[in-house]
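Visitor: I'd like to go over a predicted model; first the sequence, then the structure.
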Amino acid sequence: MTAIKAAVCHEFGQPLTIETVDLRAPEMGEIEVTLEAVAICHSDISFAEGAWGGTLPAVYGHEAAGKISAVGAGVRDFNVGDDVLVTLIRACGTCPSCAGGKPTICETPYNGDLGPLAMPDGSTLHQAMACGAFAEKVVVDQSQIVKLPADMEKDVACLLSCGVITGVGAVVNAANFKAGQDAVVIGAGGVGLNAIQGARIAGARRIVAVDMSEEKLADAMEFGATDGVLATDPKPWRAAMKAMGRGADAVFVTVGAIPAYDAAPRYLARGGRVVMIGMPHSSDVSTYSPVVMAAVGQGMVGSKMGDVVIRRDIPWMIDLYQQGRLKLNELISNRWQLDQINDAIADTKSGSARRNVILF
Ligand SMILES: [Zn+2]
Ligand SMILES: [Zn+2]
């Protein structure tokens with residue numbers, strides 16, 4: 001048992017508290033990583049606000065990078081001292097989804113209440129998202145780990161754990177996007193900017209960004225959008241269609257707002273598809289017209305974590321980053337210490353920030 005500092009959530013909607021908690025040693029197939037950086041994601045905030053339920057007390061945080069400090073029995077290919085990325089994609093490797101190449105929707109349940117964390121009195125401390133990375137160290141399954149080049153900065157690398165793979169992966173994996181096609185990306189926040197650069201990398205003809213803010217549309221152009229449309233326009237799909245000359249082959253909804261989901265099919269070309277990435281509150285509902293979608297061959301597909309296979313997709317993204325073709329440094333707006341985490345969360349919630357990163 002190791003005593004580590006962690007940001008703990010005791011009550012939904014209340015500030016996290018920095019306290020000392022217990023982390024057990026890695027067991028069969030597990031790896032302990034001493035963290036150097038963890039980014040704050042909107043999913044962490046949604047969980048901490050109680051939007052998706054879950055048990056408390058809990059430690060959130062799931063976009064992390066650091067160095068392996070211990071390995072459990074049966075761990076292959078990883079050693080103490082390796083520089084690694086920690087993701088929430090815990091995959092059993094043998095269920096039908098994993099075997100079919102979709103580890104992001106692994107069917108083997110994981111109970112974070114029975115994970116490696118505990119309160120100092122021995123009571124349950126929930127390891128959220130199979131990570132619990134708002135902490136100095138994590139113990140995770142080896143399936144969640146990817147090796148990093150030793151010279152890659154951890155504050156930059158940790159972004160590849162979630163926001164980047166979710167956006168880029170939605171384009172190349174979920175939408176099966178082809179060179180020359182047109183994309184609409186609704187929301188130019190952390191995931192949206194990555195869907196935009198994914199579409200650029202995939203060879204999109206037009207990439208139309210749609211957002212409520214002029215400032216975010218300017219960010220979108222920096223990441224590869226060819227056109228920007230303000231979502232405050234009562235019918236923003238008209239300006240988008242004008243820019244493309246037709247509807248989009250793929251519309252990426254990267255925000256959890258229901259009006260964005262309701263409007264998404266309106267941007268589509270015949271045969272196009274909506275890729276659902278943004279995660280609304282559990283009780284939210286969107287409506288669409290099945291007859292239109294059936295008549296013109298349109299579709300909708302959900303995409304979790306960019307449908308990535310981490311050891312296939314993250315290495316090529318690292319290579320593109322090193323070649324200057326994938327922007328990562330530009331995604332970081334601020335760097336913080338763990339004891340400033342509530343301020344960093346407030347900054348992320350204000351909507352103006354790209355990614356806030358905690359450094360250890
Ligand atoms: Zn995330
Ligand atoms: Zn599985």
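Guide: Nice, thanks for sending it over. Ligands and ions are numbered 1, 2, ... in the order given.
Visitor: going forward, measure contacts and count neighbours with C-alpha atoms only.
Guide: OK.
Visitor: got the residues of this structure near ligand 1?
Guide: When proximity is defined as C-alpha under 5 Å from the ion, the chain approaches ligand 1 at C41, C162.
Visitor: all helices of the chain, in order?
Guide: For the chain, the helices defined by DSSP state H cover 42-48, 96-99, 154-157, 163-169, 190-201, 214-222, 236-244, 258-263, 290-295, 310-322, 341-349.
Visitor: And the ones you listed: which comes nearest D113?
Guide: Proximity of the helices of the chain to D113 was assessed by C-alpha to C-alpha; the nearest stretch is helix 42-48, lying at 15.0 Å.
Visitor: Give me the contact list for the closest one.
Guide: With contact meaning C-alpha atoms under 8 Å, 6 or more residues apart in numbering, helix 42-48 is reached by 9, 12-14, 52-54, 60-62, 345, 348-349.
Visitor: And these, which of them are buried?
Guide: Buried members of these, counted by 16 or more other C-alpha atoms under 10 Å: C9, F12, Y60, G61, H62, I345, T348.
Visitor: so what's the closest residue to ligand 1 within the stretch 251-360 of the chain closest to, chain neighbours aside?
Guide: Nearest residue of the stretch 251-360 of the chain to ligand 1, counting by C-alpha to the ion: M305, 8.2 Å away. Leaving aside its chain neighbours, M305 sits nearest to T166 (4.3 Å; criterion: C-alpha to C-alpha, 6 or more residues apart in numbering).
Visitor: Surely that neighbour is in contact with G302?
Guide: No. Using C-alpha atoms under 8 Å, T166 makes no contact with G302, being 11.4 Å away.
Visitor: neighbour-wise, which of the two wins?
Guide: Between T166 and G302, counting by other C-alpha atoms under 10 Å, T166 is the more crowded of the two (28 against 17).
Visitor: what number of residues lie near the closest residue to W52 other than its chain neighbours?
Guide: Ranked by C-alpha to C-alpha, 6+ apart and with sequence neighbours excluded, the top spatial neighbour of W52 is S282, at 6.0 Å. For S282, the neighbour count with other C-alpha under 10 Å is 9.
Visitor: again with I105
Guide: The number of residues packed near I105 is 18, by other C-alpha under 10 Å.
Visitor: Next, the contact list for the nearest residue to it once chain neighbours are set aside, please.
Guide: Among residues not flanking I105 along the chain, S97 sits closest, at 6.2 Å (C-alpha to C-alpha, 6+ apart). Each residue near S97 by C-alpha under 8 Å, 6+ apart is listed here: P103, I105, C106, E107.
Visitor: for the biggest strand by length in the chain, packing partners?
Guide: Under DSSP state E, the strand in the chain containing the largest number of residues is strand 30-40. Applying 3 or more C-alpha pairs under 8 Å, 6 or more residues apart in numbering; DSSP states H and E, one finds that strand 30-40 contacts strand 63-71, strand 137-141, helix 154-157, helix 341-349, strand 355-359.
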